[in-house]
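Asker: Could you work out the structure for the sequence below:
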Amino acid sequence: MTVDGATRSPHDASAPDPGSRARVARPGWPEIAVGVIALVAAGAVLPLARPLTAEMDPVAYGLVLTAWSGVVGLVGFTAAALVRIRSWAAFSVRRTTWRWMAIGLAGGVVAFLLKGVLNTVVVTVAGSDAADPQSGYYGAAGGGVLPLVLTVLFLSVLTPLGEELFFRGVITNALLRYGAVVGVLSSSVVFALFHGINLALPSALVVGIVAAEVMRRSGSIWPAVLVHVINNLGLPLLVLISGATGPA
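Answerer: Next up is the predicted model:
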């Protein structure tokens with residue numbers, strides 16, 4: 001990632017001027033379709049391999065799970081990017097400013113706090129038995145120093161990168177042709193639904209909206225990746241601070 005320290009206004013930072021931006025190809029339905037198919041196929045690998053992973057200890061399986069969550073997004077993005085567009089800028093992979101990175105950091109903190117409130121409401125309404133799809137990550141994060149470090153790298157670096165490149169770089173950019181509201185909200189709903197109908201859905205929706213809007217306004221994927229990084233740091237930090245080995 002290259003960050004430019006130049007000062008620019010909020011609406012044109014790290015993005016080309018309107019005339020040049022209009023000439024940049026934008027991903028569309030072909031990229032969405034191919035990317036989703038590739039992402040779903042990659043996501044099906046672990047369930048299909050369950051007979052092989054069933055004998056793995058919780059730490060090893062948790063590490064595989066956290067690593068694969070990032071790989072899946074990268075597979076979807078790579079497949080979409082190979083369809084027809086050969087421009088990184090079309091997927092918002094372009095330089096940004098330190099100012100926008102700071103905004104991404106702040107947006108990540110806001111999203112993290114807001115999703116905490118939503119999760120509390122969901123657990124209160126649905127009860128403590130609400131499904132937590134991230135429970136497998138605790139086994140890895142609570143397995144010692146090295147597994148914790150690997151969990152941070154996989155869950156808080158690889159996964160945000162892969163998911164942002166696909167869900168924001170491909171899907172949000174493609175749907176922004178229908179306007180800012182449709183592009184941001186629709187892509188965020190898709191992002192949330194891909195996390196399943198469970199405790200992670202409202203959290204994913206909040207993170208998706210904040211990340212998509214930051215990307216739309218900055219013109220760069222990197223502030224959105226930072227929003228995602230801040231949110232995904234929550235689980236390994238919880239394990240590090242509390243010594244937890246599973247969901248409360």
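
Asker: and the longest helix seen in the chain, what's its mean pLDDT?
Answerer: The helix that spans the most residues within the chain, counting by DSSP state H, is helix 98-126. The pLDDT scores in helix 98-126 average 90.

Asker: tell me which residues in it are buried?
Answerer: Across helix 98-126, burial judged by 16 or more other Cβ atoms under 10 Å covers 99-101, 103-104, 106-108, 111-112, 114-115, 119, 122. In this view, the C-beta of every residue, glycine as well, is placed from N, C-alpha and C.

Asker: Give me the helices and strands touching it, please.
Answerer: helix 200-218, helix 222-232 (3 or more Cβ pairs under 8 Å, 6 or more residues apart in numbering; DSSP states H and E).

Asker: Can I get those helices in a markdown table including distance to residue 184 and mean pLDDT?
Answerer: Shown next, in a markdown table, are the helices and strands packed on helix 98-126 (distance: least, Cβ to Cβ, whole Å; pLDDT from 0 to 100):
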| stretch | distance to residue 184 | mean pLDDT |
| --- | --- | --- |
| helix 200-218 | 4 | 95 |
| helix 222-232 | 11 | 96 |
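
Asker: looking at the ones you listed, which is buried most?
Answerer: Neighbour counts (mean count of other Cβ atoms under 10 Å) averaged over each of those peak at helix 222-232, with a mean of 27.

Asker: Would you map the helices across the chain?
Answerer: Going by DSSP H, the chain shows helices at 18-22, 29-43, 45-48, 50-53, 58-81, 98-126, 135-141, 145-153, 159-163, 173-175, 180-193, 200-218, 222-232, 234-242.

Asker: Which residue comes closest to residue 171 once chain neighbours are left out?
Answerer: Spatially, and ignoring its direct neighbours in sequence, residue 171 is nearest to residue 187 (4.5 Å; Cβ to Cβ, 6 or more residues apart in numbering).

Asker: Would you mind listing the residues in contact with the one you found?
Answerer: Contacts for residue 187 were tallied using Cβ atoms under 8 Å, 6 or more residues apart in numbering; they are 167-168, 171-172, 175, 208, 212.

Asker: Out of the helices of the chain, which is closest to residue 90?
Answerer: Residue 90 lies closest to helix 173-175 among those, at 7.1 Å (Cβ to Cβ).

Asker: which other residues reach the closest one?
Answerer: With Cβ under 8 Å, 6+ apart, helix 173-175 has contacts from 26-29, 31-32, 90-92, 182-183, 186-187.
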